[in-house]
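> Show me how the following folds:
(2 chains)
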Amino acid sequence: MPPEFSVRSDSVDVDQIMSQIRARIREKRGVDYTEEELRTLASVKLEKFLDPTRVRSDLIAHYRIMREPGEASAGPPENYAFDDHLVYGSARGVSGRLVTRIRKLLNPVLKLFINPNPIIQVLHRQSAINEYYDRLAVLNFELIHNLVLEVTRLGIEVKNLKMRVESVSGRLDFSDRRARALESVVQYRPGTGPAAEMTETAAPAPAPGGGQTARREGEAPATGGPIKGDAQRARRRRRRRGRGSAAGQSVPGGTAAEEPTLGGQANDEGADSPDARGGAGGGLPFDGGEAGPAEAPAPGAGEPTDQ
Amino acid sequence: MKLAVVVQRYGLDINGGAELHARYVAEQLARRADVDVLTTCARDYITWRNELPAGESDVNGVRVRRFPVRSERDPDRFGRHSHHVFRSSHSIADELAWLRSEGPASTALIDSIRRNDAGYDFFVFFSFRYYHAFHGIRAAASRSLLVPTAERDGAVGLSIFAPVFRGVRALMYNSFEERAMIQAVSGNDAVPHVVVGVGSDVPARTNPDRFRQKFGITSPFVVYVGRIDENKGCKELFSHFDRYTRSLRGNLLLVLMGNSVLPIPDNPRIRHLGFVGDEDKFDGIAAAEALIMPSYFESLSMVALEAWALGRPVLANGRCDVLQGQCLRSNAGLFYESYEEFLETLALIQSNRRLAFAMGQNGREYFQRHYAWPVIVRKYLDMLDRLRADDQGGAARPPIEPLPGWFARRRTGCRAGDEVVAGLPAGPARRAGRRR
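All right, here's what the predicted structure looks like:
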């Protein structure tokens, strides 16, 4: 007799391919939840993810109770398969069969008074209708179960997306502040830069004291501002020289107010503020919604920006 | 050796799975033995109406003896009996009533088998669930082989069939999954058996270009062959393919061959060709990227075997144990149980030509090794020789278990068929005799 079947063990291994495909699908679904975990989540604690006032988290439990046998109060009675022999039948064993036979014999007499056939047909049809609704109930159960699963999955996804959005918006704020801080410490050559442009557009006549200004964006031009700025810078240079060896060294994580700058009052005003402390920190790696950047100064935050 | 193949319907225009299976086996065995076919005059399996003339005829060189069916099937009555025996506790008498209502009730056929007037050495019965197989086997159990063609439905769980599975001389199974199911329900492990299946007359050469030209198909495509029916999983296939076309750009088409009892979706990437001849079918399969087999219940998919014979991979519904088992054993097909898996597997077959080719080669080899006609015929003949040797050796065999007596038959103690089947082992058999 030829041999029965054997499994080929060539390079193609369908079992392994299917395992890989299933692993990839799990990965794509993401959020570190397996199908099994999702089912558990869906059947236990939906209020964790959903608004409990709007969704019945125990829907599945109710359905289960209805489907469990022996729950007479909860579920419908079992469908009754109706047969034309049933109306004549008896459940009394051997004597019952005799009774059935006699009833059938007397059937023509019965038909002189009433016609049982329409009743039999109607009851049979009712049995079929019951069966139809039984099937429908099973489908509804499946549908609701799947919907709850999907809603749960979406709830989890929304929660994760919210966290990502928060994180991204925190990072955006951080970058924005960093950009402003960097802009404020840039020293422009005389007659160039945004301040000079603003002055040119606002007043065609050249400002007294030349153009060595670098105002913070949005700040109103103050009368004599450039002169004041120069004096402050000079003061700061003197202070720095006085500190001797400390001059010019940056303190990782230290406040930028102590640092030498050439950019005017930016550090005086902003260095102690959380914004500036977060300053030029180089940015946190995105970790999907952990602590915001302002609370976690990176090494080198507020480093000297001398140019 | 004189053999009788006994089947519910028979003819060139009858393409039901078991009937076609029986015809192929009869025609192949007729080359090596004296084979008659015993069947009914029915053509339609819904009514079993006598449409063909009773008596002898010749179909493709095989003598066919037809017997009339005593009464047509009453679908309403059959439905009620089915509901009763599959869904609730019942008696043996109820099951026998169900069998009578199912048909085809041909007492003339059963009488002929009992008399064995033509002197057959063995009867090969097809489809355990019908009247002819149950009563025919009980009439000639000592000469009976059974090709059950069993699917995972409530009929397998009915009490009347277990003695039949234990009482035949031998069983010719279609798959390991079928064998495991029947052995679990009847405990007939000791009965001689073999997993054999069925072959197919696949042409040695095909012409994919001719198919493409004839039907104007230039894009790559996957193909489904068979009746387009919800019961065959086609509705789910349409839904999955529709989503697939919306998810992935490309020009992959789904080509459908076969008569439809389901509306075809209005999707430009789904082409329905209707019923096609064998030449178009084989050329179409050869031209396709893969064959899709979305059915949930199959005892053995012949079209999947044909695709493998032509070196094409198969994408099957993994919820059908038999199809999943065939894919795993052959390493020639992938399977899906959800849309995500459908998407991934189809995209993989389409994009990874090497893999598709390798699976096709595996399929070709699998078919040649297990389903080529010489292999199939050899298995049948070996089994028949073995049984004849047992007969000549005078080995004593217990007769088939008789039906219970009048009172016991009417005692309500049989479990619902569906309930019995639900308790049977499930899942694909990765190797001979093993289940997941």
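> where does residue A:296 land on pLDDT?
At residue A:296, the pLDDT value in this model is 36.
> Residue A:221 too?
Residue A:221 is assigned 41 on the pLDDT scale.
> Same check on the one 3 residues further on?
At residue A:224 the predicted local confidence, pLDDT, stands at 40.
> Strands along the stretch 51-200 of chain B, start to end?
Taking DSSP state E, counting those that start in this stretch, the strands of the stretch 51-200 of chain B run over residues B:55-59, B:62-67, B:122-126, B:144-147, B:170-173, B:193-195.
> now those strands as TSV including mean neighbour count, distance to chain A and mean pLDDT?
Glycine gets a C-beta too; all of them are placed from N, C-alpha and C. Putting the strands of the stretch 51-200 of chain B into TSV (neighbours: other C-beta atoms under 10 Å in any protein chain shown; distance: least, C-beta to the nearest C-beta, whole Å; pLDDT from 0 to 100) gives the following:
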stretch	mean neighbour count	distance to chain A	mean pLDDT
strand B:55-59	12	28	94
strand B:62-67	20	24	96
strand B:122-126	26	17	96
strand B:144-147	26	15	96
strand B:170-173	24	10	95
strand B:193-195	20	6	94
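> Can you lay out those as JSON lines showing distance to residue B:94?
Output for these, formatted as JSON lines (distance: least, C-beta to C-beta, whole Å):
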{"stretch": "strand B:55-59", "distance to residue B:94": "35"}
{"stretch": "strand B:62-67", "distance to residue B:94": "27"}
{"stretch": "strand B:122-126", "distance to residue B:94": "23"}
{"stretch": "strand B:144-147", "distance to residue B:94": "23"}
{"stretch": "strand B:170-173", "distance to residue B:94": "26"}
{"stretch": "strand B:193-195", "distance to residue B:94": "29"}
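> what about the strand or helix carrying residue A:175 and chain B, touching?
When elements are defined using DSSP states H and E, residue A:175 is found to belong to helix A:117-184. Yes. Using C-beta under 8 Å from any C-beta of the partner chain, helix A:117-184 comes into contact with chain B via A:124, A:131.
> Packing partners of that helix?
Counting contacts by 3 or more C-beta pairs under 8 Å, 6 or more residues apart in numbering or on different chains; DSSP states H and E, the secondary-structure elements packed against helix A:117-184 are helix A:35-44, helix A:59-67, helix A:266-270, helix A:274-278.
> quick one: average pLDDT of the longest one?
When pLDDT is averaged over helix A:35-44, the result is 61.
> for stretch B:405-420, same thing?
Mean per-residue pLDDT for stretch B:405-420: 90.
> what do you get for stretch A:171-189?
81.
> likewise stretch B:43-52?
Summarised as a single mean, pLDDT over stretch B:43-52 is 91.
> Then stretch B:315-331?
The predicted model gives stretch B:315-331 an average pLDDT of 93.
> same check, this time on stretch B:93-101
Averaged over stretch B:93-101, pLDDT sits at 94.
> Can you mark which positions in it are buried?
Residues B:93-101 are the ones in stretch B:93-101 that count as buried (16 or more other C-beta atoms under 10 Å in any protein chain shown).
> Residue 134 - how many residues pack around it?
All of this is about chain A. For residue A:134, the number of neighbouring residues by other C-beta atoms under 10 Å in any protein chain shown comes to 13.
> my bad, the chain I had in mind was chain B
A count of nearby residues for residue B:134, using other C-beta under 10 Å, gives 22.
> and it, what does it touch?
Contact partners of residue B:134, counting by C-beta atoms under 8 Å, 6 or more residues apart in numbering or on different chains, are B:99, B:128, B:160-161, B:164.
> quick one: it and residue B:176, what's the gap?
Using C-beta to C-beta, to the nearest Å, we find residue B:134 at a distance of 24 Å from residue B:176.
> Ok, residue B:245 next?
Here residue B:245 is placed at a distance of 36 Å from residue B:176 (C-beta to C-beta).
> if you skip the residues just before and after it, what's nearest to residue B:274?
The shortest distance from residue B:274 to any residue that is not its chain neighbour, by C-beta to C-beta, 6 or more residues apart in numbering or on different chains, is 6.9 Å, and that residue is residue B:259.
> about what we covered before: mind checking which of the contacts of residue B:134 are in helices?
Using DSSP state H, the members of the contacts of residue B:134 that fall within helices are B:99, B:161, B:164.
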